[in-house]
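K.L.:
I'd like to go over a predicted model; first the sequence, then the structure.
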Amino acid sequence: MRDDHMTLAAFATASTSQRAAGSWLHAASDARVLDAEHYVNMAREVERLGFDLLYFDDRLAMPATYRRSHQEAVRRGTRVIKLDLLSILALVSAHTTRIGLGATYSTTYYEPYHVARAFATLDHLSKGRAVWNIVTSLNADEAANFGVGQLDPATRYDRADEFLEVVTGLWETWEKDALKMDRTTETFADAKMVHELNYAGQYLSSKGPLTVPRPPQGWPVLMQAGQSGRGMEFAGRWADLVFTPSASIEQSKRKYAAQTEQFERHGRAAGAARILPAVSVVAGETEGVAREKDAYLRAVQDPGEALIILSEVAGVDLSAFAMDEPLPDDFLDLAPGSRSILQRHVERVRQLHGPTATLRDLLEMEEVGAMGVRFVGDPQQVVDQMSEWFTEYACDGFAVHLTVVPGSFEDFGRLVIPELRRRNLVPPPGSSAATGAHLRDRIGLPDRTLR
Ligand SMILES: Cc1cc2nc3c(=O)[nH]c(=O)nc-3n(C[C@H](O)[C@H](O)[C@H](O)COP(=O)(O)O)c2cc1C
């Protein structure tokens, strides 16, 4: 038995599609994504239910790979709205007190000084609750929006390593307690404790010091999701939380073991970071109610939307492929975006349908419409599965994918969390784990600062 608790992240998107294709049409969905209230209500509710953090994914372009146009995506509302996340989280921080607040920011299109400053600011405003979900970004439309060429995946990760060296270095340009603000001695700050960084790398350089004092957490919590070998190595060095899209407990156990090896290679102790697979939970008072909810959710899912999203993620226009012919052998080689995401889907569909699996088979798989596995059932059945994944080291918690906001997390809070508490899989409310000074303390992550 494990003596730690699960980490629970609520995984959301500042967009009408809550990743599950078509979900904005769902009757229990609040689609007012341009209203401040939408985010404040979501965050308060997620905090009240006992989640450890709320984080948002992002993309820096509309999906426009499918048919080489954004039009179909706009017509359907497929992730065409993406609001700036740090503005949302700054707002939300004023209306919450405990929940971790995570934003996806790109190492490929942003500049490290800007990112270091923005997350340090959020960490101060939220009193130590900032989480940066680090992405290297995916497709050519994002590069085009920033007016630059698309870097190849290996170069994106090399740049990302330097990016993290700069950002974490800038966070430490103010030593701990350098800021005095002491009126009696008229000492604003100890100048000997504020340093230049003078970083000069192959891709990036920065002089420093940062114009924001050291963040309350030292380093805000770092999250990452890359799935290739290079992505896992990057996570091994940098990530406190790893977000994975596993399709089964076996696949997740293999990934857990491989990622743990990467932590060890970077001299990081067991338990120094936490691995959180994405999961969609459809819970009901009885199994029958849960199955009905699941059927409704599937009924509003739009395979056309899944086609647009998959084209975007893989960087390949899937309108060029026949829906009912076997996928070509070189299908994977055609993906310049996230090859690892496409590979996972192709492996899974061939497992389910054999070597003649078609594009239609692939689009109808539930994990293409909604990321990760789906646990459907009454509270006992859902928690049995979550508990099996946790106790067998397939994960250290879950990124609970909010398929329908607010409907799906109301169900989760009302039905699943009480059962998780009853089995001591999450801490009871008010325990020391729930009340540590910063998010890092509360979820058992070590201090990462170097000085
Ligand atoms: C589960 C998962 C979630 C991701 N979420 C985002 C995201 O929100 N925004 C983004 O730009 N990239 C996202 N990515 C892309 C990664 O940052 C990375 O660029 C991509 O997966 C390619 O790296 P890899 O081949 O190591 O997986 C995600 C990837 C995975 C696997």
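P.N.:
Yep, it's here. The shown structure was predicted, so the numbers you read here are calculated from the model rather than taken from an experiment.
K.L.:
how many neighbours does Val194 have?
P.N.:
Here the number of neighbours of Val194 (other Cβ atoms under 10 Å) works out to 17. All C-beta atoms are positioned from the backbone trio N, CA, C, and that covers glycine.
K.L.:
Tell me how far it lies from the ligand.
P.N.:
The gap separating Val194 from the ligand is 33 Å, by Cβ to the nearest ligand atom, to the nearest Å.
K.L.:
For the residue nearest to Phe390 when sequence neighbours are not counted, which residues are in contact?
P.N.:
Nearest residue to Phe390, sequence neighbours excluded (Cβ to Cβ, 6 or more residues apart in numbering): Met6, at 5.5 Å. If you count contacts by Cβ atoms under 8 Å, 6 or more residues apart in numbering, Met6 has them with 386, 390, 396-398, 420, 425-426.
K.L.:
Mind doing that once more with 10 Å?
P.N.:
Taking Cβ atoms under 10 Å, 6 or more residues apart in numbering as the criterion, Met6 is in contact with 52, 274, 276, 386-387, 389-390, 395-398, 420, 425-427, 443.
K.L.:
Can you read off the pLDDT for the residue lying closest to Leu204 once chain neighbours are set aside?
P.N.:
The shortest distance from Leu204 to any non-neighbouring residue, by Cβ to Cβ, 6+ apart, is to Glu162 (4.8 Å). With respect to pLDDT, Glu162 has a value of 98.
K.L.:
in stretch 2-17, what counts as buried?
P.N.:
Judged by neighbour count using 16 or more other Cβ atoms under 10 Å, the buried positions of stretch 2-17 are 5-17.
K.L.:
mean confidence score for it?
P.N.:
Rounded mean pLDDT across stretch 2-17 is 87.
K.L.:
Only C-alpha atoms, please: export it in PDB.
P.N.:
The C-alpha trace of stretch 2-17 is given here as PDB (Å, rounded to 0.1, in the frame of the first residue of the first chain):
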ATOM      1  CA  ARG A   2       1.100   3.600  -0.700                       C
ATOM      2  CA  ASP A   3       1.200   6.000   2.200                       C
ATOM      3  CA  ASP A   4       0.900   9.100   0.100                       C
ATOM      4  CA  HIS A   5      -2.300  10.700  -1.300                       C
ATOM      5  CA  MET A   6      -3.400  11.200  -4.900                       C
ATOM      6  CA  THR A   7      -2.800  14.600  -6.500                       C
ATOM      7  CA  LEU A   8      -5.900  15.800  -8.300                       C
ATOM      8  CA  ALA A   9      -5.700  18.400 -11.100                       C
ATOM      9  CA  ALA A  10      -8.700  19.800 -12.900                       C
ATOM     10  CA  PHE A  11      -7.800  20.000 -16.500                       C
ATOM     11  CA  ALA A  12      -9.700  22.700 -18.400                       C
ATOM     12  CA  THR A  13      -9.500  24.900 -21.500                       C
ATOM     13  CA  ALA A  14     -10.400  28.600 -21.900                       C
ATOM     14  CA  SER A  15     -12.400  27.700 -24.900                       C
ATOM     15  CA  THR A  16     -15.800  26.500 -26.000                       C
ATOM     16  CA  SER A  17     -14.600  23.000 -26.700                       C
END
